[in-house]
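Visitor: Need coordinates for the following:
(2 chains)
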Amino acid sequence: GIQVEQSPPDLILQEGANSTLRCNFSDSVNNLQWFHQNPWGQLINLFYIPSGTKQNGRLSATTVATERYSLLYISSSQTTDSGVYFCAVDIDRGSTLGRLYFGRGTQLTVWP
Amino acid sequence: KAGVTQTPRYLIKTRGQQVTLSCSPISGHRSVSWYQQTPGQGLQFLFEYFSETQRNKGNFPGRFSGRQFSNSRSEMNVSTLELGDSALYLCASSLAITGTSGPRRETQYFGPGTRLLVL
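Guide: The predicted structure follows:
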């Protein structure tokens, strides 16, 4: 199946710093989503971004589908940004229809 | 609109027992998927249902099964529990759009999960 690799695996920042998380995938995809997993385990949707650039407040994301990668930017980090960030892709072909393939995540820790 | 709900939120079982988890999707969503999350294996796909039919299944043993009802609510069942089944079980719903080659999913929205501990 498709491989999804996220980097870095861990990131420690001071409040106010900026960061970039990367997601590489091994095949063409139908869609790509970024999630933030909160301390209670729920996956919170950040972006649905199969291609292009989107922004939502301090967060923005860019997906370059032709080069098979996506970037999540977090500006002016806050302690509430801490948690695990996941990238997931859907290749929407045949028997794989509807299945999300997840990366291993980036564990972000923001210190005050 | 209410989000995806899952019950129960926490569960403790012993080896050999069986368990049923429930998921209610967002109103209007007809596609429901289930995922297992463990520290060692990460997030793994279990199965996906659309219009009461299982459309896709991950690489899990037959002890893991599921179903979807006419109101799109879904249940998953794990029989003969093993210690390794301890995990966070996440359900996701999405609005499936019917296309010429079948239903296409859009954004998937996740519920809060059910934490299962097998002793």
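
Visitor: Can the top strand by length along chain B be said to contact chain A?
Guide: Selection of the longest strand in chain B by residue count, based on DSSP state E, yields strand B:87-99. Yes. Contact of strand B:87-99 with chain A (C-beta under 8 Å from any C-beta of the partner chain) involves B:Leu88, B:Leu90, B:Ala92, B:Ser94, B:Ala96. For glycine as for every other residue, the C-beta is placed from the backbone atoms N, C-alpha and C.

Visitor: residue contacts, A:Leu13?
Guide: If you count contacts by C-beta atoms under 8 Å, 6 or more residues apart in numbering or on different chains, A:Leu13 has them with A:Ser19, A:Ser77, A:Leu108, A:Thr109, A:Val110, A:Trp111.

Visitor: if we can go back for a sec, may I have the longest strand of chain B as CSV, with CA atoms only?
Guide: The C-alpha coordinates for strand B:87-99 follow below in CSV (Å, rounded to 0.1, in the frame of the first residue of the first chain):
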residue,chain,number,x,y,z
ALA,B,87,-6.3,0.2,21.9
LEU,B,88,-8.1,3.4,21.1
TYR,B,89,-10.8,2.7,18.5
LEU,B,90,-11.8,5.6,16.4
CYS,B,91,-14.7,6.0,14.2
ALA,B,92,-15.0,8.5,11.3
SER,B,93,-17.8,9.6,9.2
SER,B,94,-17.8,11.3,5.8
LEU,B,95,-20.2,12.6,3.3
ALA,B,96,-20.1,10.2,0.4
ILE,B,97,-20.9,11.6,-3.0
THR,B,98,-22.2,9.1,-5.5
GLY,B,99,-20.2,9.3,-8.7
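
Visitor: And it, what does it pack against?
Guide: Helices and strands in packing contact with strand B:87-99 are listed as strand B:5-7, strand B:19-24, strand B:31-38, strand B:42-50, strand B:74-78, strand B:102-110, strand B:114-118; criterion 3 or more C-beta pairs under 8 Å, 6 or more residues apart in numbering or on different chains; DSSP states H and E.

Visitor: Now do the fifth one against strand B:19-24, angle only.
Guide: So that's strand B:74-78. Relative orientation of strand B:74-78 versus strand B:19-24 (axes from the mean of the first three to the mean of the last three C-alpha atoms, to 10 degrees): 160 degrees.

Visitor: what's in contact with strand B:74-78?
Guide: Applying C-beta under 8 Å, 6+ apart, the contact partners of strand B:74-78 are B:18-23, B:25, B:32, B:34, B:46-47, B:49, B:63-69, B:85, B:89, B:91, B:116.

Visitor: how does it look with 6 Å?
Guide: Residues outside strand B:74-78 that contact it (C-beta atoms under 6 Å, 6 or more residues apart in numbering or on different chains): B:19-23, B:32, B:34, B:49, B:63-68, B:85.

Visitor: which of the residues you listed tops the neighbour count?
Guide: B:Val32 (30 neighbours; other C-beta atoms under 10 Å in any protein chain shown).

Visitor: doesn't B:Leu11 make contact with B:Leu117?
Guide: No. Contact between B:Leu117 and B:Leu11 fails when scored by C-beta atoms under 6 Å: they sit 7.1 Å apart.

Visitor: Nothing else from me, thank you.
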